[in-house]
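Participant: Any chance you can model this:
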Amino acid sequence: MKTALCSLLLICFILITSGCKKDENPASSDQYTNKLALGTGIGGNGFQLAGEGTTFTGASNQIYFRLESQADMEGSQIKIRLEKNSGAGYVFYQDFSFNNPQSYGHIFLSAFIPGQIGNYKATGIVVSKNLEVASLQFTVN
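Facilitator: You can find the predicted model right below:
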């Protein structure tokens, strides 16, 4: 019985350690990209957007965002900077700041309300690193 238990423990140890190759590590930064996406809701497993797009209806409706960073955000506050198209280019409109509930991670989801119709440029920023992760242009009708 003792030999069988030792053998079982050895097999479990081998299976556990062989499944933890560095290239399969889910925290590995090479599987993440710098990307900002917008949508009408949160769907899937809670790390995905529903209604992903770049055109939204209603200035008082929430626009959900998913910011993915190749670098670990390390619990930093996240900022979405909106610039509004003035006809001559984009000018600062508003910053939306969000506290990060985790001390690590590459993905952050939340929402903001633009407040006015127009054409915008949104930039996702990791505040503690002063890192502009990604930008995209969108329209609110």
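Participant: Next secondary structure element downstream of the helix or strand bottoming out on mean pLDDT in the chain?
Facilitator: Across the helices and strands of the chain, mean pLDDT, DSSP states H and E gives its lowest value to helix 2-18, namely a mean of 35. Using DSSP states H and E, the next helix or strand after helix 2-18 towards the C-terminus is strand 35-39.
Participant: Please enumerate the strands of this protein.
Facilitator: 35-39, 41-43, 48-50, 55-56, 63-68, 78-85, 90-98, 107-112, 118-126, 131-140 (DSSP state E).
Participant: where's residue 49 relative to residue 66, distance?
Facilitator: Remark: distance between residue 49 and residue 66 (Cβ to Cβ, to the nearest Å) = 5 Å. All C-beta spots, glycine's among them, are computed from the backbone N, C-alpha and C.
Participant: Give the intersection of the neighbour lists for these two.
Facilitator: 37, 38, 39, 109 (Cβ atoms under 8 Å, 6 or more residues apart in numbering).
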